[in-house]
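Asker: What follows is a predicted structure for the sequence shown.
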Amino acid sequence: MNRRRWIALSAAALLVLVGGPLLAQDHPREEHRRFDDHDRDSMREWYRVHHEHPPRGFRVEDRLSPELERQLTVGFVLTPEFRRRIVTCPEDLCGRLPAPPRGYRYVVIGGHVCLVDRDWRVADVVHFETEFHF
């Protein structure tokens, strides 16, 4: 093995062994599977700005019935009825939140923001009308 190749491989190994954990610290929210206070504050601010003219998914006609509302909890697996109601999370709202973990996505259902995994299980949910009063 020539010297340059050996140095390059050694540097790469060192980066993996030492730099990997350091790089992970730059992204402490990578495993962020629950909304924290900062996320809720960001959503509250977004909602305050859009409250008078809410986008699709947050309008009065998009709201869930009380029965469906009670079902939308952490751990609930979205049924086909809930899946039909999913609206893409507005870009300006998603931009305020950390990137979802691999295999998860943000969706809006009946005026609520949910973090959902690939198996349709709700990892966390923010109920806008009950949590944010204006």
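Answerer: Perfect, thanks for sending it. Residues are numbered from 1 along each chain as shown.
Asker: what ranges do the strands span in the chain?
Answerer: Using DSSP state E, the strands of the chain run over residues 86-88, 104-109, 112-117, 122-127.
Asker: just checking, what packs against the shortest one?
Answerer: Right, the one you point to is strand 86-88. In this structure, strand 86-88 packs against strand 104-109, with contacts taken as 3 or more Cβ pairs under 8 Å, 6 or more residues apart in numbering; DSSP states H and E. Quick note: C-beta positions are derived from backbone N, CA and C, even for glycine.
Asker: Next, the buried residues of the strand it packs on.
Answerer: For strand 104-109, burial by neighbour count (16 or more other Cβ atoms under 10 Å) applies to 104, 106-109.
Asker: repeat for stretch 76-92
Answerer: Across stretch 76-92, burial judged by 16+ other Cβ under 10 Å covers 76, 78, 82, 85-87, 89-90.
Asker: From these, pick the one nearest residue 40.
Answerer: Within those, distances to residue 40 taken as Cβ to Cβ reach their minimum at residue 89, with 14.9 Å.
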